[in-house]
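*Asks:* Sequence first, then the predicted structure, then my questions.
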Amino acid sequence: MNKPINIALFGFGRIGRNIFRLGYDNPNYNFVAVSDFGSVEALHYLLVRDSIHGAMKDEVTLDGNHLIVKDQRVRVISGGEPGTIPWDAYDVDMVIDATGRFLKRSELAIHLDAGAKRVFTTRNPQETIDRYVIPGINESTIEASDQIISTTSSTTQVLALMLKMLDESFGVERAMMTTVHAYTSDQPLADAVGIDLRRSRSAAENIIPNTTSAPKIVEKIMPQFKGKLEGIAFNVPVPNGSCVDLTTELKNMPLVDEVNTVVKQFSESSLNGIVGYTDDPIVSSDVSGREETMVFDGKATMITKGALLKTICWYDNGWGFSKRILEMVDAYAALGSEG
């Protein structure tokens with residue numbers, strides 16, 4: 001049996017806890033440490049009682065500053081800045097930076113200086129890094145020399161997958177994306193000064209327009225779309241379940257049934273487990289806990305006068321994305337490391 005991968009979770013919010021829940025009973029993973037603000041009691045409580053995904057199936061106990069679950073004994077460390085934790089002391093192979101706060105290469109590289117062999121960020125970074133990777137798109141390009149890696153974002157992955165299927169089948173001329181996204185933890189529940197004026201308004205009471213970096217990151221990964229994509233986000237008052245509404249101009253405009261057939265075929269072949277397909281009349285809560293990156297809504301496909309195609313893809317904006325992160329941890333572990 002191969003040696004388990006020693007993983008540290010830097011940031012134990014929604015994505016960090018999802019990754020832990022998905023991986024703690026997998027013998028390939030050894031979660032050696034988690035780090036976040038707050039007491040160990042609070043972090044334990046939020047792990048075992050999740051408002052979206054419910055209670056954990058296995059008992060998690062506390063032993064001082066350690067979480068104990070099955071064969072995992074996980075050190076809980078208070079720390080909010082890269083470099084505050086000596087990862088080499090914990091023999092860490094991979095740090096997953098799930099804080100969403102550190103988006104510069106120089107910030108993420110501090111984890112390497114502290115002893116980690118690789119660092120994954122769960123956001124779209126602001127600077128060039130070693131690799132942006134999306135399972136189903138470009139996972140075959142990864143190299144052992146990659147040290148700073150972004151798995152982009154849940155929205156970016158959905159957009160890239162939908163464009164891949166449409167472009168390979170019909171040719172994409174240009175596209176406009178709207179993501180209707182569940183509210184996020186950095187939004188206030190009541191009006192309060194926030195990171196911008198619109199995001200200062202109550203997440204519980206408003207549909208809030210927001211920017212999205214998804215189109216620009218897709219253009220980096222898939223240069224055939226450079227200059228062809230734009231997008232906007234709307235945060236809405238639901239805690240989970242989002243969708244990408246994509247309007248596309250195609251080189252060869254198909255019929256609705258042809259689009260649905262193509263996506264269904266991808267979901268049953270090369271993108272099985274990554275792309276789901278349904279003809280059921282689903283809503284946002286129906287995709288909570290789905291492990292695919294996206295679920296294509298066959299009932300929502302529309303074409304107007306043979307000129308524009310509209311498609312809808314649903315996604316749990318944390319769960320499937322967290323599953324893809326662990327898959328990429330596996331892929332990089334299989335490569336080994338250089339240096």
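*Replies:* Yes, it's here. Numbering: from 1, shown residues only.

*Asks:* Quick one: neighbours of the closest residue to Val256 other than its chain neighbours, just the number.
*Replies:* Counting by CB to CB, 6 or more residues apart in numbering, Val256 lies nearest to Thr301, which is 4.9 Å off, once chain neighbours are set aside. Any C-beta I mention is one placed from the backbone N, CA and C, and that applies to glycine too. As a burial measure, Thr301 scores 19 neighbours (other CB atoms under 10 Å).

*Asks:* per-residue confidence at Thr301?
*Replies:* On the pLDDT scale, Thr301 is placed at 98.

*Asks:* Kindly report the same for Gly339.
*Replies:* For Gly339, the model assigns a pLDDT of 54.

*Asks:* Please name the residues that touch Ile325.
*Replies:* Listed by CB atoms under 8 Å, 6 or more residues apart in numbering, the contact partners of Ile325 are 15, 19, 96, 120, 122, 151.

*Asks:* Now with 10 Å, please.
*Replies:* 15, 18-19, 22-23, 94, 96, 98, 120-122, 133, 135, 149, 151 (CB atoms under 10 Å, 6 or more residues apart in numbering).

*Asks:* tell me which of those residues is nearest to Pro281?
*Replies:* Of all the contacts of Ile325, the one with the least separation from Pro281 (CB to CB) is Asn18, at 26.9 Å.

*Asks:* Just give the nearest non-adjacent residue to that closest one, would you?
*Replies:* What sits nearest to Asn18 in space, not counting adjacent residues and going by CB to CB, 6+ apart, is Ser322, at 3.9 Å.

*Asks:* The one you found touches Arg21, doesn't it?
*Replies:* Yes: here Ser322 reaches Arg21: they are 8.1 Å apart, a contact under CB atoms under 10 Å.

*Asks:* Give me the more crowded residue out of those two.
*Replies:* Neighbour comparison, Ser322 and Arg21: the larger count goes to Ser322, with 26 against 19 (by other CB under 10 Å).

*Asks:* and that one, what is it in contact with?
*Replies:* Applying CB under 10 Å, 6+ apart, the residues near Ser322 are 14-23, 96, 98, 122, 151, 154, 291, 316.
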